[in-house]
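*Asks:* Mind folding the following:
(chains A and B)
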Amino acid sequence: EDQVTQSPEALRLQEGESSSLNCSYTVSGLRGLFWYRQDPGKGPEFLFTLYSAGEEKEKERLKATLTKKESFLHITAPKPEDSATYLCAVHSNFGNEKLTFGTGTRLTIIP
Amino acid sequence: GAGVSQSPSNKVTEKGKDVELRCDPISGHTALYWYRQRLGQGLEFLIYFQGNSAPDKSGLPSDRFSAERTGESVSTLTIQRTQQEDSAVYLCASSLIGENNQPQHFGDGTRLSIL
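*Replies:* Below you'll find the model as predicted:
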């Protein structure tokens, strides 16, 4: 069974203080790993797809990286508007088209 | 263009009543998914539709849950004889299929509260 574990559950940073969020996964053949951002009362918003170990993707202050066992979402010099819950999900090569999600990291950036 | 649209945004109902939730996917997206998000838990897959193929119902938690989709457009998720444990946010997503693992795009969900 595919599993996704995210850590930490919650993270408070000062504005400008860089850090990383972790997503550890177990999957029977990785087809893709996805990062989403979710604001309170909203649906998840797509950020990145990573396909293979060693791949990196960047968007503004965010950079996602992937190894064979985990993915990191690095946030550089965050701003208060980066506060949100960040979700990681995996898509397996076997079985159906569903995504298996972690429980997320709730990120708070303090001005 | 417009994103995934879900209605109602909030629904409060009494235990034992039936509820129907609606999802309008992004135009041109052939795949449609329903997920459930309980407080403090990850999104839980419920059902998947792709074109005219038989839906994948493997995530439906009980026979009180059912869903339909008309062609490649609107989908409805129906919960019969609601229970308190059905309280959650129900999220719909749509995507293209067959083009390099296209991401699923989500609506803002229906927040369902069972009294």
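*Asks:* okay, CA-based contacts and neighbour counts for the rest of this
*Replies:* Will do.
*Asks:* Can you tell me the centre-most residue of chain B?
*Replies:* Central residue of chain B (Cα atoms, centre = their mean): B:W34, 3.0 Å from the mean position.
*Asks:* Over to it: give its phi and psi.
*Replies:* With angles defined as degrees, to the nearest 10, B:W34 sits at phi -120, psi 140.
*Asks:* Could you find the closest non-adjacent residue to it?
*Replies:* Spatial nearest neighbour of B:W34, chain neighbours left out: B:C92 (4.6 Å); criterion: Cα to Cα, 6 or more residues apart in numbering or on different chains.
*Asks:* tell me the secondary structure for that neighbour?
*Replies:* Three-state call for B:C92 (DSSP: H, G, I helix; E, B strand; the rest coil): strand.
*Asks:* how near is the residue nearest to the centre of chain B to B:F45?
*Replies:* When distance is defined by Cα to Cα, to the nearest Å, B:W34 is 6 Å away from B:F45.
*Asks:* Likewise for B:F106?
*Replies:* In this view, B:F106 and B:F45 are 13 Å apart by Cα to Cα.
*Asks:* Please enumerate the strands of chain B.
*Replies:* Using DSSP state E, the strands found in chain B span residues B:5-7, B:10-13, B:19-24, B:31-37, B:44-50, B:65-69, B:75-79, B:88-95, B:105-106, B:110-114.
*Asks:* Out of these, flag the one nearest A:L11.
*Replies:* Shortest distance between A:L11 and these, using Cα to Cα, is found for strand B:31-37: 21.0 Å.
*Asks:* quick one: strands adjacent to that closest one?
*Replies:* strand B:44-50 (antiparallel), strand B:88-95 (antiparallel) (DSSP bridges).
*Asks:* Mean neighbour count, those: which tops it?
*Replies:* Among those, the stretch with the highest mean neighbour count (mean count of other Cα atoms under 10 Å in any protein chain shown) is strand B:88-95, at a mean of 26.
*Asks:* Identify all contacting residues around that one.
*Replies:* The contact list for strand B:88-95, computed with Cα atoms under 8 Å, 6 or more residues apart in numbering or on different chains, reads A:43, B:4, B:6, B:23, B:25-26, B:29-39, B:102-113.
*Asks:* Same check on stretch A:15-22?
*Replies:* A:6-8, A:70-80, A:105, A:109-111.
*Asks:* Quick one: buried ones out of these?
*Replies:* The neighbour count (16 or more other Cα atoms under 10 Å in any protein chain shown) marks A:6-7, A:70-79, A:105, A:109 as buried among those.
*Asks:* any idea which helix or strand comes after the helix or strand hosting A:L21?
*Replies:* Using DSSP states H and E, A:L21 sits within strand A:19-26. On the C-terminal side of strand A:19-26, the nearest following helix or strand under DSSP H and E is strand A:30-38.
*Asks:* who does that following strand pair up with?
*Replies:* Each strand paired with strand A:30-38, and its direction, by DSSP bridges: strand A:45-50 (antiparallel), strand A:84-92 (antiparallel).
*Asks:* quick one: contacts for the residue nearest to the centre of chain B?
*Replies:* If a contact means Cα under 8 Å, 6+ apart, then B:W34 has B:F45, B:L46, B:I47, B:Y48, B:Y90, B:L91, B:C92, B:A93 as its contacts.
*Asks:* low-scoring pLDDT stretches of chain B, where are they?
*Replies:* B:1, B:98-100 (pLDDT under 70).
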